[in-house]
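Student: got a sequence here, can you build the structure:
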Amino acid sequence: MATDTALYGDNASYLEALDGVEPPPPVARSIFHGRGPANGTIARAAAPARAQPADFAAADLQAKVSRLINSYRVRGHDAAQIDPLGLDAGKPHPELDPAYFGLGEADLDVMVSTSPMYGMPAHASVRHILDRLRTIYCGSIGAEYMNIRDTHQKHWVLEQFERRLETPTLDRHGAIRVLDHLTRADGFERFLGLKFQGNKRFSLEGGESLIPLLHMVIDESSQHGVREVVIGMAHRGRLNVLLNVLRKPPAKMLAEFAGEHDAPREGSGDVKYHLGYSSEYLTHRGETVHLSLCFNPSHLEAVNPVVVGRVRAKMDRAGDTARKTGLALLIHGDAAFAGQGIVPEVLNLSDLLGYRTGGTVHIVVNNQIGFTTTPTEGRSTPYSTDVARMLGIPIFHVNGEDPEAVAAVTRIAVAWRNTFGRDVVIDMYCFRRHGHNEADEPAYTQPLMYRRIAEHPGVREIYLRR
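Tutor: Sure, this is the predicted structure:
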């Protein structure tokens, strides 16, 4: 091995100079012997190529791009366009500016590796990568998932989220179904507003995307074997959910508005927007799913452990140790999710062996207001959902006026729940067209917000124009 090594490197030129010298010097005889013609000519063994000088500039540029990609994964949600009113147009973060990493205008058209991004060709310009990052992370969806502790789970979400643009979320039939759900939700609220003026109904107007969102959760979950869904929610939008998701007979609901509520048959003497209901739901693919909406008192989040407990009990009775046949679906208000202690208490039970249900799907109907309290006066965290970060689960903030973005996060959320059996949060930003109830005048306490709301056409009209 030592002799072979002597043929290369700096020794090679010295040995070449000795080629043809007769007799060869003693130090070279053992090397020349048997390696060439009889005269001792050295064989022209190809020396390994010398290491090329490192391109430090290219390596530095690639490192900056990798840091930029990671920054968008961590901080991109800060600049996402999730507020349908445009009052909060995204909070610019310095780490989303290429200049923060030393990337100048001259660097943007340089071709680099796109690693570690998904859904892109192997090489692209820095400008193309930046545009893609802004589209993925700063559009209608703000995703928080980089705090997930399990590396496999984190990279699963990362790949699903970054590849979602490769194929359309909704085909034409899916888009028509969404428009139909929005039309039904909008029409029902308008009808109640005209027919029962002044009655409390806790309207869903401004948050109508909840209805197609619930349909998508149920439809997608049925594809993963879910045959029973237990729902818990407070007042906001409850009547709309009863009619347009659980298919409660309209005549029965209108009779309750007229004061003809039959307490013994319902099992409660409570007001109409506290009542529960059960029904059989037929998905658009033909599966049957049993739905139960739990009765709920005025304590907005008190129903949470009831829903999760019912699902666990049903699974135990059925012998479902895989936790696949049932789904706990909790619908929260933003102020209540951040402000009521029962929420973190129930979240804390989610991964405990004795309480697991295969993951709860949490939907936050984020009106960006609690009664008359703005977020800056009601919580100390940027998002109402920050309490859920303690679990290390995906939290998707989504603009409720982009139904296709809502569909995209719903598909990922349901797939996450089916794959890992853990909770997931969809934080749907919307607004509240009327006051806390229809007897309030919200413009007294939020004049700027309600001036914008008065000018707003609503999600159904916006989606129809598309």
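
Student: where does the stretch 151-300 of the chain dip in pLDDT?
Tutor: Residues of the stretch 151-300 of the chain meeting the criterion pLDDT under 70: 259-273.

Student: try 80
Tutor: For the stretch 151-300 of the chain, applying pLDDT under 80 flags the ranges 193, 196-202, 256-274, 297-298.

Student: what does the stretch 1-150 of the chain give?
Tutor: In the stretch 1-150 of the chain (pLDDT under 80), the answer is 1-55, 88-92.

Student: can you give me the strands in it?
Tutor: For the stretch 1-150 of the chain, the strands defined by DSSP state E, counting those that start in this stretch occupy 111-113, 123-125, 141-144.

Student: summarise which helices and strands the first one is packed against.
Tutor: Using 3 or more C-beta pairs under 8 Å, 6 or more residues apart in numbering; DSSP states H and E as the contact criterion, the elements in contact with strand 111-113 are helix 56-75, strand 123-125. (Each C-beta comes from the backbone N, C-alpha and C, glycine too.)

Student: how about JSON lines for the ones you listed, with mean neighbour count and distance to residue 420 added?
Tutor: JSON lines is the format used below for those (neighbours: other C-beta atoms under 10 Å; distance: least, C-beta to C-beta, whole Å):
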{"stretch": "helix 56-75", "mean neighbour count": "16", "distance to residue 420": "19"}
{"stretch": "strand 123-125", "mean neighbour count": "15", "distance to residue 420": "31"}
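
Student: neighbours of residue 297, how many?
Tutor: Residues lying near residue 297 (other C-beta atoms under 10 Å) number 11.

Student: and it, which of the three is it?
Tutor: When classified by DSSP: H, G, I helix; E, B strand; the rest coil, residue 297 comes out as coil.

Student: i'd like the first residue to be 4 from this point on
Tutor: Sure thing, new numbering starts at 4, so read that last one as residue 300.

Student: what's the burial count for the residue lying closest to it once chain neighbours are set aside?
Tutor: Leaving aside its sequence neighbours, residue 300 sits nearest to residue 277 (C-beta to C-beta, 6 or more residues apart in numbering; 6.4 Å). Using other C-beta under 10 Å, residue 277 has 16 other residues around it.

Student: wait, a helix at residue 293?
Tutor: No - per three-state DSSP, residue 293 lies outside any helix segment and is strand.

Student: bridge partners for the residue nearest to it when sequence neighbours are not counted, pull those for me.
Tutor: Closest residue to residue 293 apart from its sequence neighbours, by C-beta to C-beta, 6+ apart: residue 231 at 4.6 Å. Beta-bridge pairing for residue 231 (DSSP bridges): residue 293, residue 329.

Student: go on, residue 115?
Tutor: Residue 115 has these beta-bridge partners by DSSP bridges: residue 127.

Student: can you give me the strands in the stretch 304-453 of the chain?
Tutor: Taking DSSP E, counting those that start in this stretch as the criterion, the stretch 304-453 of the chain contains strands spanning 329-336, 363-369, 398-402, 427-432.

Student: now tabulate the ones you listed in CSV and tack on mean neighbour count and distance to residue 75.
Tutor: Below are the strands of the stretch 304-453 of the chain laid out as CSV (neighbours: other C-beta under 10 Å; distance: least, C-beta to C-beta, whole Å):
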stretch, mean neighbour count, distance to residue 75
strand 329-336, 25, 28
strand 363-369, 25, 23
strand 398-402, 26, 15
strand 427-432, 26, 19
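
Student: residue 213 is nearest to which of those strands?
Tutor: Among the strands of the stretch 304-453 of the chain, the nearest to residue 213 by C-beta to C-beta is strand 363-369 (5.7 Å).

Student: so the residue nearest to residue 300 makes contact with residue 302?
Tutor: No - in this structure, residue 277 is not within contact of residue 302 by C-beta atoms under 8 Å, at 10.6 Å.

Student: so what's the residue count around residue 89?
Tutor: For residue 89, the neighbour count with other C-beta under 10 Å is 10.

Student: can you check residue 97 too?
Tutor: 9.

Student: so where do the helices sit in the stretch 104-253 of the chain?
Tutor: 129-140, 154-166, 175-198, 213-225, 241-247, 253-260 (DSSP state H, counting those that start in this stretch).

Student: may I have the last one as CSV, with CA atoms only?
Tutor: Output of helix 253-260 as CSV, limited to C-alpha atoms (Å, rounded to 0.1, in the frame of the first residue of the first chain):
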residue,chain,number,x,y,z
PRO,A,253,-87.5,23.0,9.4
ALA,A,254,-91.2,22.9,10.6
LYS,A,255,-90.0,21.7,14.0
MET,A,256,-87.4,24.4,14.2
LEU,A,257,-89.8,27.1,13.2
ALA,A,258,-92.4,25.9,15.7
GLU,A,259,-89.8,26.4,18.4
PHE,A,260,-89.4,30.0,17.2
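
Student: so it versus helix 175-198, what angle?
Tutor: 30 degrees (axes from the mean of the first three to the mean of the last three C-alpha atoms, to 10 degrees).

Student: who wins for proximity to residue 340 among the helices and strands packed on strand 114-116?
Tutor: helix 59-78 (22.5 Å).

Student: that closest one vs helix 129-140, what angle?
Tutor: Using the same axes, to 10 degrees: helix 59-78 against helix 129-140 is 10 degrees.

Student: before we move on, the earlier item: quick one, which of the strands of the stretch 4-153 of the chain is packed in tightest?
Tutor: Of the strands of the stretch 4-153 of the chain, the one with the most neighbours on average (mean count of other C-beta atoms under 10 Å) is strand 144-147, at a mean of 24.
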